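S.K.: Structure, please.
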Amino acid sequence: MPLPTVFALSALGLGFVLESRGRLAPRVKALIAKALINIFYPSLILAALLLKLNAAALASLWVLPFLMALTLLLGLALGISLEHHVGLEDDSQRRSFRFLSLLPNYSYLPLMVAQALWGDDGITMVAIAGVGADLILWTLGVPQIMKQRRMDLARLVWNPPLLALLLALILLQAPFDSWRPSLEPGLRFLRQIGSVTIPASMLLLGAHLARRTSDRQPRKAHIALLGLRLILIPACFTLLLALWPELLPSLPARVLILITSMPGAIIAVVLSEVHDASPDFAARHILLGHLLWIVTGPFWLWINGLLAAHAGVP
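M.R.: Have a look, this model is predicted:
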């Protein structure tokens, strides 16, 4: 097993144990989350893109964030159509259900899996796909969980990972190839800072998986949400790529399937607390969804690999 994967799984276990024993204070988790969003992940994005890509390669990948945005919009449409028919008791649960339908876990676990399977190239593809997710999240996504719906445009503008990605895109359009040798030491330093992203993400994921929830949960809603996130949405995009194999090269296509196969995003728990939705419902989905993904996720990646090989996708 690669050493980064060992570190990531160790961090996951550490987060679970510390949270289970009440040793991970909320302020510590908040500090880790802030450092992750404001420092570690932006550094990883800059280094992964600028060390790996050039303008020509990037131009060929615009479909990936577009399809990622389409994934979120499909999830939102399905969530809205189901929320009044799955036994949810009140508006707070419906808002959490809708948000979890919209947003898969598009960074924490996908980063670790992509690194384990495809190395830095996989991390780069996850970062590029995240552009589409971020645009939908902070415009149409967050209002779905709020009591009074309004687009969080300020958060969209001041979003360090998105700003880092935009900076990388600008630099890649400039004559960056001639500057790369002189900037490479600095970029490798950023890569070292960014390497904290995956273990920090796994630590927080472990803590959320250990979160205690009540036994009184709307079972029908959880079954519907798990079916939507783990089966229906990845099936739709697997079918799309099977019918249109030239849409994406093999690696971006597999990263897209990896992310679309994920359960709801970890951030749903925090946003449910902030906006008086149902963090209890969100936390139960996070636990059940990630446990079941251990089976469903590899299945969708395997199916996609077979279809790509049959279609001769490079």
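S.K.: moving C-terminal of the helix-or-strand element of the chain with minimal mean pLDDT, what's the next helix or strand?
M.R.: The helix or strand of the chain with the lowest confidence, counting by mean pLDDT, DSSP states H and E, is helix 153-157 at a mean of 65. Where DSSP states H and E defines the elements, the next helix or strand beyond helix 153-157 is helix 160-173.
S.K.: Okay, buried residues for that following helix please.
M.R.: Using 16 or more other CB atoms under 10 Å as the burial criterion, the residues of helix 160-173 that qualify are P160, P161, L162, A164, L165, A168, L171, L172. The way it works is simple: take the backbone N, C-alpha and C, and place the C-beta from them, glycine included.
S.K.: Now do that helix: distance to the chain's middle.
M.R.: Distance, stretch centre to chain centre, for helix 160-173: 18 Å (CA atoms, centre = their mean, to the nearest Å).
S.K.: Go ahead and name everything in contact with it.
M.R.: For helix 160-173, the external contacting residues (CB atoms under 8 Å, 6 or more residues apart in numbering) are 37-39, 41-43, 45-46, 49-50, 53-55, 58, 127-128, 130-131, 134, 156.
S.K.: what element comes up after it heading to the C-terminus?
M.R.: From helix 160-173, the next helix or strand downstream (DSSP H and E) is helix 176-194.
S.K.: Tell me which other helices or strands that next one touches.
M.R.: The helices and strands touching helix 176-194, judged by 3 or more CB pairs under 8 Å, 6 or more residues apart in numbering; DSSP states H and E, are helix 41-52.
S.K.: Show the subsequent helix or strand relative to the helix it packs on.
M.R.: Proceeding C-terminally, helix 41-52 gives way to helix 55-59 as the next helix or strand, assigned by DSSP H and E.
S.K.: what about the helix or strand following that next one, average pLDDT?
M.R.: As assigned by DSSP H and E, the chain's next helix or strand after helix 55-59 is helix 63-82. Computed over helix 63-82, the mean pLDDT rounds to 95.
S.K.: now stretch 289-309
M.R.: Mean predicted confidence for stretch 289-309 is 92.
S.K.: How far off centre is it?
M.R.: 16 Å.
S.K.: Report the separation between H275 and A48.
M.R.: Per CB to CB, to the nearest Å, H275 is found 32 Å from A48.
S.K.: quick one, which of those two is more surrounded?
M.R.: A48 (28 against 19; other CB atoms under 10 Å).
S.K.: List the residues that contact the more buried one.
M.R.: D120, I123, T124, A127, R191, G194.
S.K.: do that again at 10 Å, thanks
M.R.: 115, 120-128, 164-165, 168, 187, 190-191, 194, 197 (CB atoms under 10 Å, 6 or more residues apart in numbering).
S.K.: got it, and A33?
M.R.: A200, S201, L204, I266, I267, V270.
S.K.: Nearest to L111 among the buried residues of helix 160-173?
M.R.: Checking these against L111 by CB to CB gives P161 as the nearest, at 11.4 Å.
S.K.: can you pull the pLDDT of the closest one?
M.R.: pLDDT recorded at P161 is 81.
S.K.: same deal with P4?
M.R.: At P4, pLDDT is 67.
S.K.: do the one 3 residues further on as well
M.R.: In the prediction, the pLDDT value recorded for F7 is 81.
S.K.: repeat for the one 5 residues further on
M.R.: The pLDDT attached to L12 in the predicted structure is 88.
S.K.: what do you get for G194?
M.R.: At G194, pLDDT is 89.
S.K.: Contacts only, for it.
M.R.: Per CB under 10 Å, 6+ apart, neighbours of G194: 39-48, 123, 164, 187.
S.K.: swap the cut-off to 7 Å and go again
M.R.: With contact set as CB atoms under 7 Å, 6 or more residues apart in numbering, G194 has these partners: F40, S43, L44, A47.
S.K.: If you rank these by neighbours, which is first?
M.R.: L44 (28 neighbours).
S.K.: Pretty sure that one sits against T197.
M.R.: Yes - the pair L44 / T197 is scored as a contact, 4.7 Å apart, by CB atoms under 7 Å.
S.K.: where are the low-confidence patches of the protein?
M.R.: 1-4, 149-157, 313-314 (pLDDT under 70).
S.K.: Off-centre distance for the strand or helix carrying L291?
M.R.: Element membership for L291 (DSSP H and E) is helix 279-311. Taking CA atoms, centre = their mean, one finds the center of helix 279-311 at 13 Å from the center of the full chain.
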